[in-house]
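S.K.: Build the 3D model from these lines:
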Amino acid sequence: MAEEKPKESPTPETEPGAEGEAQAQPSASKDKRIAELTDDLQRLQAEFDNFKKRIEKDLAERTKLANHRLIGDLLPVLDSFDKAIEDASKNEDYSQLREGLKGLHKQFLKVLEKEGLKEVRTDGKFDPFVHEALMREVAENADDGKILEVFQKGYTLGNKTIRTAKVKVAKKKEPELPPQTERTEAHTDSCDGISDECLDDDME
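M.R.: Residues are numbered from 1 along each chain as shown. Alright, predicted model coming up:
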């Protein structure tokens with residue numbers, strides 16, 4: 001009678017369903033990590049949006065305060081204009097009115113200079129970064145590129161040019177052509193050997 005072989009008990013590695021559970025655990029861990037990272041990203045995005053809104057609001061407030069200060073500095077200039085108009089209606093002395101306008105201009109310019117405004121210099125040579133040439137003119141006593149006349153003043157604010165100066169610029173005088181007599185002599189010399197072509201030119 002044949003001996004029966006003992007039945008092998010299933011090992012943990014071969015138990016049904018064990019392999020599927022092992023694969024499910026890393027997948028669940030990854031899903032959890034992805035969810036955590038997504039929440040972190042959404043939170044950071046919300047914090048950045050709030051920060052951006054605060055910066056924009058702060059900048060708007062600073063600009064508003066700066067405008068208030070500038071307008072406050074200009075109010076005395078407005079008062080001076082009102083006074084000048086009132087005086088002009090009572091007085092026909094135009095020289096006094098002219099002096100009053102000069103004072104107003106000086107007062108107004110002083111306020112703008114305090115804010116960083118500077119007039120573009122026009123007492124030298126043309127600079128394409130701060131000047132705009134509307135005309136070029138031959139000048140006997142001026143170097144090429146020298147500014148001859150200012151049509152409109154230019155200004156800079158800080159390091160930025162907010163308006164170029166409109167100017168007229170000197171240019172070199174073009175060399176003169178040789179006199180007509182010299183050109184005629186040159187033509188005669190070329191016709192030393194008489195030809196039909198030279199005779200035709202002379203007849204014309």
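S.K.: use CA for all of it now, contacts and neighbours both
M.R.: Will do.
S.K.: what number of residues lie near Asp73?
M.R.: Neighbourhood size, Asp73 [other CA atoms under 10 Å]: 15.
S.K.: Name the nearest residue to it, sequence neighbours excluded.
M.R.: Val111 (6.7 Å; CA to CA, 6 or more residues apart in numbering).
S.K.: Against which helices or strands is the helix or strand containing Ser89 packed?
M.R.: When elements are assigned from DSSP states H and E, Ser89 belongs to helix 18-90. Using 3 or more CA pairs under 8 Å, 6 or more residues apart in numbering; DSSP states H and E, the elements in contact with helix 18-90 are helix 94-114.
S.K.: Which residues outside the helix it packs on are in contact with it?
M.R.: Asp73, Leu74, Val77, Ser80, Phe81, Ala84, Ala88 (CA atoms under 8 Å, 6 or more residues apart in numbering).
S.K.: same thing but 7 Å
M.R.: Applying CA atoms under 7 Å, 6 or more residues apart in numbering, the contact partners of helix 94-114 are Asp73, Leu74, Val77, Ser80, Ala84, Ala88.
S.K.: Narrow those residues to just the buried residues.
M.R.: Using 16 or more other CA atoms under 10 Å as the burial test, the contacts of helix 94-114 include Val77, Ser80, Ala84 as buried.
S.K.: Between these, which sits nearest Asp49?
M.R.: Val77 (42.8 Å; CA to CA).
S.K.: burial of the nearest residue to the closest one once chain neighbours are set aside, as a residue count?
M.R.: Of all residues not flanking Val77 in the chain, Phe108 sits nearest, at 6.1 Å (CA to CA, 6+ apart). Counted with other CA under 10 Å, the neighbours of Phe108 add up to 17.
S.K.: do the same with the one 10 residues further on
M.R.: Applying other CA under 10 Å, we find 17 residues neighbouring Lys118.
S.K.: same thing with the one 3 residues further on?
M.R.: Residue crowding around Arg121 was assessed by other CA under 10 Å; the count is 15.
S.K.: Could you list the low-pLDDT ranges of the chain?
M.R.: Applying pLDDT under 70 to the chain flags residues 1-25, 175, 177-204.
S.K.: Please report how far the residue nearest the centre of it lies from Val120.
M.R.: Centre of the chain computed as the mean C-alpha position; nearest residue by CA atoms, centre = their mean is Lys160, 7.4 Å away. Between Lys160 and Val120 the computed distance is 11 Å (CA to CA, to the nearest Å).
S.K.: Beta-bridge partners for Leu157, please?
M.R.: Leu117, Lys160 (DSSP bridges).
S.K.: ok, it touching Leu117?
M.R.: Yes - counting by CA atoms under 7 Å, Leu157 touches Leu117, with 4.6 Å between them.
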